[in-house]
Structure formats: structure tokens, C-alpha cells
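Enquirer: The sequence isn't on hand, but the structure is:
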């Protein structure tokens with residue numbers, strides 16, 4: 001009997017209907033978007049959030065993430081995560097969470113892809129140094145810098161600065177970790193406080209559940225890939241993790257189920273299972289919080305008294321122990337400390353040179369920096385350095401401070 005007739009097609013259709021859940025009443029709908037700061041014609045091929053996603057993927061700042069790192073510098077190896085691979089992992093997890101919670105998967109993915117656009121080179125070391133250098137002129141915050149990238153610094157369209165993203169995407173970029181109105185007194189956050197006064201981002205409320213899903217997907221991704229990268233780098237071993245909550249029991253389970261596989265495959269399987277366990281925990285806790293708060297609309301999400309997409313208390317406790325282990329054995333390992341020290345000195349030297357001699361900047365940046373106002377000059381220098389990749393920063397520093405290379409600019 002043939003299986004490609006109406007009956008077979010009906011079965012396939014039925015399976016697809018089961019796999020695509022009906023959108024929840026607390027989900028965002030692109031057709032109900034509050035729109036863009038600069039109105040644009042509706043796309044025939046993409047909804048508002050999918051269009052935002054595509055603009056982020058095509059952005060120069062997004063491409064640069066391929067050689068920006070969090071713990072290891074780009075030249076230290078090709079197998080460690082970069083900001084780009086991390087962002088893709090976060091987007092995948094965020095989309096899975098959004099699907100299971102019956103949210104808008106495009107919006108969750110879009111916020112996830114955008115969340116690291118403002119990170120400078122050399123991970124947290126780079127952010128710490130830019131914060132120190134910018135202390136007299138408003139400071140530096142990577143979340144604010146992401147906002148600046150998508151609303152001003154990207155130049156790809158003749159009719160507006162930035163990417164002209166939809167209200168919900170910009171809101172998610174700014175508030176994915178919760179309300180930010182309490183931070184607006186901080187000088188670094190002035191860019192958000194002053195942005196388009198008539199376009200109220202409701203900075204005192206929570207963001208959408210889609211943005212919250214992207215935020216917790218970030219936690220899931222980096223905790224797992226730091227374990228993976230740390231073992232690969234030889235900073236600690238699988239045996240060192242045996243007594244660490246969450247990962248220890250998972251490793252035991254993998255070894256029990258697969259006694260003959262090598263350490264590489266054990267590590268990969270353990271990370272895969274740990275991601276699954278964390279996702280399931282978030283889904284259970286989030287569904288319980290939505291039910292307890294009687295959430296029935298996106299407005300109820302924004303005015304809730306706490307984040308709704310969250311880990312359970314038990315998972316948070318286990319993650320606290322894991323993070324302490326990673327901090328002691330990875331983030332403050334002497335090899336990582338050496339890289340952090342080099343990175344900070346490199347950025348400090350470039351920052352100070354550009355401040356003293358803005359004419360050494362590329363023409364498009366020297367125009368912005370060669371001004372009498374020191375605060376404006378510092379922000380231009382900061383924007384230039386923050387946009388660098390690890391490799392570009394290293395090469396730029398060599399050109400500026402090594403005489404033999406300075407002759408070949």
C-alpha cells in the first residue's frame with residue numbers, strides 16, 4: 001500500500017500541528033508591535049521580529065563577534081567559544097525555551113543574537129579596562145554599548161542611524177535582565193535615559209518573556225561552555241568536577257551509561273545533558289511562576305513583581321557552587337590572569353594614546369575624536385576600541401607601539 005497518498009500526508013500534517021503549539025496569551029505578537037522609531041513599510045516576507053533578527057545578523061558588529069572572546073583570546077585556539085558561537089548557542093537555547101513556553105520564537109532569538117554586540121575585545125578584561133579608562137567621562141557598560149550599537153553606531157541605512165529595530169527588540173536589549181530605571185543616574189546609562197524621549201521603553205518594568213528567555217539562555221550557555229572550554233584548555237579535569245553539584249552527578253551518569261567512551265566524548269555528552277537539565281528546570285519553574293502570578297497578558301508580564309523566566313532555588317544553589325569552582329579554577333587561573341593583564345595594558349595604552357593624539361585614529365574616527373570636549377573625545381575613542389576584535393586590537397597596538405611595524409601601516 002502506498003504511503004504518499006492523502007492518509008500519509010494527513011499524518012504528517014497532524015504531527016506538525018502537534019509540534020507547533022498555539023501562541024500563549026502572554027506571548028508577544030509581531031502584528032501587535034509598537035513599531036519602529038522611524039516608520040518603515042511592512043516587509044512582504046518577514047514579520048517585524050524576523051526582520052530585526054536579519055538586521056542584527058547583517059550588522060558589522062555581529063560579524064566582529066567571531067573574533068571576540070570571553071575567557072580565552074582569539075589567537076589561543078580555534079576550538080574555544082567566541083562571542084559569535086556563544087551568541088548562536090544562546091539563540092538556539094532561547095528559541096527552544098520560547099517554543100516550549102508558547103512564546104514568539106523570532107523575538108527570543110533576536111534578543112539573544114543581539115545581547116553581546118556591545119562587548120569589547122578580550123572579554124571581561126576588556127570591559128574592566130574600558131570602565132577604568134572611561135571613569136572620568138561616564139564609564140562603560142557593555143549593555144549600554146549594545147544599545148548604542150543598535151540605535152546609533154551601526155551605519156547601514158541612509159534614512160536612520162542604527163538598525164531601527166522594533167520597540168520590543170530594543171526593550172529586550174535594554175531590559176532582558178530586569179528593570180533598569182534604578183540605573184539611569186549612572187553616567188554610562190545616560191545614552192539610554194536621553195534616547196528618544198517620546199519613545200517610552202518603560203524602563204521601570206520587566207521586559208517580555210521572550211527577552212527573559214534570552215537572558216536565562218545566556219546563563220545556561222556560558223556555564224556549560226565554560227566547563228567545556230576549561231577542560232579542553234587543561235585548566236581542570238573531569239575528575240576535578242566529580243564532586244561539583246550539577247555537573248558531578250551528570251558525569252557519573254554518563255560514565256555509567258557509556259563506560260567505554262573516551263574523556264572527550266564524556267565531556268561532550270555531559271555538557272549536552274547538563275544543558276537539557278537546566279532547560280527543563282527553567283521550564284518547570286517558569287510555568288509555576290506564570291501560574292502563581294495568574295499571568296494572562298504581556299502587560300501582566302511587564303508589571304509582575306519578579307522575573308518569570310527563572311531557575312528553581314535548588315538549581316540556583318547548584319549553579320552558585322559551579323560558578324565558584326569556575327571562578328577559582330578558570331577565571332582566575334594564572335594563565336588566564338596573564339592574558340587579562342596583557343589585554344588590559346594593551347587597551348590602556350591605546351586609549352591613552354588616542355586621547356592624547358586623536359589624529360592617530362583612522363579618518364572616520366579622528367573626525368569624531370579631534371574635538372575640544374574631552375568627554376566627546378573619550379566616547380569616540382571608547383566606541384572605536386569597543387568595536388575591535390581581539391586580533392585587530394593586537395595588530396593595532398603593534399602598529400602604534402612597535403617601530404619596525406610602524407613603517408608598514
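Expert: Now that the structure is in, tell me what you want to look at. Only a predicted model underlies this, so the values are computations on that prediction, with no experimental measurement involved.
Enquirer: tell me the phi and psi of the nearest residue to residue 120 once chain neighbours are set aside?
Expert: Spatially, and ignoring its direct neighbours in sequence, residue 120 is nearest to residue 126 (3.8 Å; Cβ to Cβ, 6 or more residues apart in numbering). Glycine gets a C-beta too; all of them are placed from N, C-alpha and C. Here is the backbone geometry of residue 126 (degrees, to the nearest 10): phi -60, psi -40.
Enquirer: neighbours around residue 126, how many?
Expert: A total of 27 residues lie near residue 126 under the criterion other Cβ atoms under 10 Å.
Enquirer: do the same with residue 308
Expert: For residue 308, using other Cβ under 10 Å, the count is 23.
Enquirer: Does residue 360 touch residue 400 like I think?
Expert: Yes - using Cβ atoms under 8 Å, residue 360 and residue 400 qualify as a contacting pair, with a distance of 6.8 Å.
Enquirer: Comparing these two, which shows the higher neighbour count?
Expert: residue 400 (17 against 14).
Enquirer: who are the neighbours in contact with the more buried one?
Expert: 349-350, 353, 360, 406 (Cβ atoms under 8 Å, 6 or more residues apart in numbering).
Enquirer: excluding its backbone neighbours, what's nearest residue 401?
Expert: Nearest one to residue 401, counting by Cβ to Cβ, 6+ apart, is residue 349 at 6.6 Å.
Enquirer: separation between that neighbour and residue 285?
Expert: Remark: distance between residue 349 and residue 285 (Cβ to Cβ, to the nearest Å) = 46 Å.
Enquirer: who has more neighbours, those two?
Expert: residue 285 (20 against 13).
Enquirer: The more buried one sits in which helix or strand?
Expert: Using DSSP states H and E, residue 285 sits in helix 263-292.
Enquirer: Need the residues touching each of residue 360 and residue 400.
Expert: residue 353.
Enquirer: quick one, phi psi at residue 166?
Expert: Dihedral angles for residue 166 - degrees, to the nearest 10 - are phi -70, psi 160.
Enquirer: Equivalent analysis for residue 41, please.
Expert: phi -60, psi 150.
Enquirer: Repeat that for residue 36.
Expert: phi -110, psi 150.
Enquirer: now the helices for the stretch 201-350 of the chain?
Expert: 209-232, 247-257, 263-292, 298-302, 313-326, 334-356 (DSSP state H, counting those that start in this stretch).
Enquirer: Show me the one of those that comes nearest residue 100.
Expert: helix 263-292 (5.4 Å; Cβ to Cβ).
Enquirer: And the closest one, how far out from the chain middle?
Expert: With Cα atoms, centre = their mean, to the nearest Å as the basis, helix 263-292 stands 19 Å off its chain's centre.
Enquirer: could you say what helices and strands it packs with?
Expert: helix 83-100, helix 209-232, helix 247-257, helix 313-326 (3 or more Cβ pairs under 8 Å, 6 or more residues apart in numbering; DSSP states H and E).
Enquirer: quick one, which of those helices is packed in tightest?
Expert: Stretch with highest mean neighbour count among the helices and strands packed on helix 263-292: helix 209-232 (a mean of 24; mean count of other Cβ atoms under 10 Å).
Enquirer: quick check: mean pLDDT across that helix?
Expert: Here helix 209-232 scores 94 as its mean pLDDT.
Enquirer: And stretch 131-147, by the same measure?
Expert: Rounded mean pLDDT across stretch 131-147 is 96.
Enquirer: Same check on stretch 383-395?
Expert: Here the average pLDDT along stretch 383-395 is 96.
Enquirer: Mind listing what's buried along it?
Expert: For stretch 383-395, the buried set under the neighbour-count rule, 16 or more other Cβ atoms under 10 Å, comprises 383-390, 392-394.
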